[in-house]
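Undergrad: Requesting a structural model of the entry that follows:
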Amino acid sequence: MNASRAKTLVNFGANLRIQPTSYYTPANEQEVLAILERHRGESIRVVGRMHSWSKVLDSTGVVLSLEKFDQISINAENPTPTATLGAGVQIKTALKALSRQGLTLPSLGLITEQTIAGATATGTHGSGKHSLSHYLTSIRLAHFDPESGKAVIREISDGPELEAARCSLGALGIVLNLTIEIRSSYNVEFQLHEVKTLDDALESESDWPLQQCYFLPWRWTYVVHQRRETAAPRTKTARLFRWYWFLTFDIGLHLVLVTTARYLKAYKLVKTLYRHVLSRSLIQRWWIVDESSAALIMEHELFRHIEIEMFVPASRLADGMRLVQQLLEIAGGSSEPWESPEREALAESGLLSEIENVRGQYVHHYPICIRKILPDATHVSMASSADEPWYAISMISYVSPKDRDGFQRFAKVVTRVLGQCLGGRPHWGKVCLLDAELARQLYPRLSEFQHVIRELDPDRTFSNEWLKQVIPTAP
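TA: Presented below is the predicted three-dimensional model:
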């Protein structure tokens with residue numbers, strides 16, 4: 001349980017460097033409690049696989065990695081099957097263990113590198129289902145008992161505490177393990193095709209509830225990835241499609257875009273590629289059936305990037321995509337003046353000048369992924385507190401870390417515009433530019449979350465400085 005004091009931690013996107021005062025990799029719960037007692041009164045945070053770009057990951061105090069908390073216990077005989085997973089278990093490891101028993105997770109995102117605790121703590125999601133956080137039935141965490149002041153372990157399994165702990169942002173204590181609903185393995189049938197409008201893209205969604213869409217910048221069309229659960233067996237060409245997708249998109253597309261945008265900075269070429277070349281590499285209407293764990297994921301972790309993802313209510317998706325396209329065109333150098341129904345409100349808030357400041361500063365170069373998420377039973381996950389689904393609009397940049405100023409300006413503007421005009425929420429685990437006032441406006445149940453923090457961690461031991469600013473708990 002000896003601490004390392006010289007370990008510098010760098011996240012996947014290389015936009016955060018953490019120099020903890022002490023760094024631990026405890027092997028069991030007793031060691032975690034001993035670390036808490038040793039560092040009483042100090043800031044204490046946990047890191048997982050560091051696949052987040054958000055300041056929620058940051059720390060200037062004691063840091064724990066729970067990579068040794070890798071136990072997996074499957075309870076398939078329960079009326080609702082569950083699995084209890086150690087906080088350090090990676091999603092891909094959990095999927096392999098579950099698959100051996102013909103089981104899987106209830107929702108799958110595009111990547112599986114994250115730890116289960118980190119993914120649920122920030123509201124990670126797939127498409128057509130709730131976020132992973134929604135499916136948690138209990139959470140076991142270590143914290144300081146507010147009455148005795150001693151480091152203790154607490155099991156949370158119901159009520160407001162569970163809704164807070166499902167997407168906790170690490171602010172309630174150190175999650176040691178969690179229990180999540182699981183389900184039988186299933187196959188997914190899917191095909192891809194290009195359409196011109198958002199209405200065309202959403203037209204078949206009721207028949208393909210797991211579908212996601214890709215909005216192609218500079219071509220301004222949609223590639224619809226139609227997907228749904230099926231009882232049909234895996235097709236013989238499924239493996240061939242995997243290789244086609246891996247070589248063409250996971251590798252080929254990324255190499256082209258990384259080369260043109262990061263190294264050559266040939267942004268006119270980027271626009272030309274989208275308008276005239278890249279869509280031709282898409283084999284349309286190739287019908288495939290494959291296992292869900294293969295059909296629903298990608299290999300986004302192969303190339304370093306940075307990402308902002310905004311969530312808008314389903315009823316505002318069309319407005320959201322219109323605003324995103326307008327902002328991308330302005331950032332990409334369009335000389336057209338900003339014209340939209342929101343212009344007056346943006347002018348009153350001073351956002352029009354911010355929009356002008358981003359003009360010509362950033363050329364977007366990656367397909368924009370659009371996914372549907374059902375409402376969550378949580379306090380502050382991005383799909384929480386709603387009577388309608390949400391849509392995530394994901395914008396990824398592959399520019400070099402030293403050249404990200406334009407992207408950061410764009411991310412700030414898109415956060416403010418979609419937040420103010422549509423109630424759009426930035427993903428907690430990606431580039432998250434919230435402040436306390438915007439967070440209060442966007443999350444109707446934020447006060448309930450703050451109340452649970454005050455109950456479980458009144459001294460804010462487990463919150464970093466950014467969290468204290470965005471989610472203050474002082475009366």
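Undergrad: CA atoms for contacts and neighbours, from now on please.
TA: OK.
Undergrad: Show me what stretch 383-400 is in contact with.
TA: With contact meaning C-alpha atoms under 8 Å, 6 or more residues apart in numbering, stretch 383-400 is reached by 130-131, 257-258, 261-263, 303-314, 317, 364-379, 407, 443-445.
Undergrad: Please report the distance of the closest residue to L85 other than its chain neighbours from G118.
TA: The spatial neighbour of L85 that comes closest, neighbours along the chain excluded (C-alpha to C-alpha, 6 or more residues apart in numbering), is I72 at 4.8 Å. To G118, I72 is 16 Å away according to C-alpha to C-alpha, to the nearest Å.
Undergrad: residue boundaries of the strands in the stretch 101-250 of the chain?
TA: Counting by DSSP state E, counting those that start in this stretch, residue ranges of the strands within the stretch 101-250 of the chain are 103-104, 136-144, 151-156, 174-181, 183-184, 187-195, 212-216, 221-230.
Undergrad: Then the stretch 301-450 of the chain?
TA: Under the criterion DSSP E, counting those that start in this stretch, the stretch 301-450 of the chain contains strands at 306-313, 368-373, 390-397, 425-426.
Undergrad: can you redo those as TSV with mean pLDDT and mean neighbour count?
TA: Shown next, in TSV, are those (pLDDT from 0 to 100; neighbours: other C-alpha atoms under 10 Å):
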stretch	mean pLDDT	mean neighbour count
strand 306-313	98	25
strand 368-373	98	23
strand 390-397	98	24
strand 425-426	98	28
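Undergrad: Can you add distance to I251 and give those strands back as a markdown table?
TA: Formatted as a markdown table, those follow (distance: least, C-alpha to C-alpha, whole Å):
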| stretch | distance to I251 |
| --- | --- |
| strand 306-313 | 17 |
| strand 368-373 | 17 |
| strand 390-397 | 16 |
| strand 425-426 | 28 |
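Undergrad: residues contacting the residue of the chain positioned farthest from its centre?
TA: Centroid-distance maximum for the chain: S148 at 36.4 Å, with C-alpha atoms, centre = their mean. By C-alpha under 8 Å, 6+ apart, no residues touch S148.
Undergrad: now do the one 3 residues further on
TA: Counting by C-alpha under 8 Å, 6+ apart, A151 makes contact with 33-34, 36-37, 142-145.
Undergrad: I'd like to know how far Y443 sits from G149.
TA: The value you get for Y443 to G149, if C-alpha to C-alpha is used, is 31 Å.
Undergrad: how about low-confidence regions in the protein?
TA: By pLDDT under 70, the low-scoring segments of the chain are 1-6, 475.
Undergrad: At the geometric centre of the chain, which residue do we find?
TA: Most central in the chain (C-alpha atoms, centre = their mean) works out to T124, at 4.4 Å.
Undergrad: So it sits against H134, correct?
TA: No: here T124 does not reach H134: they are 10.0 Å apart, not a contact under C-alpha atoms under 8 Å.
Undergrad: Domains of this protein: list them as residue ranges, please.
TA: Domains of the chain are assigned by automatic domain parsing as 9-64, 70-185, 187-439.
Undergrad: wait, which of those domains is closest to S463?
TA: Nearest of the domains of the chain to S463, taken as C-alpha to C-alpha: domain 70-185 at 5.0 Å.
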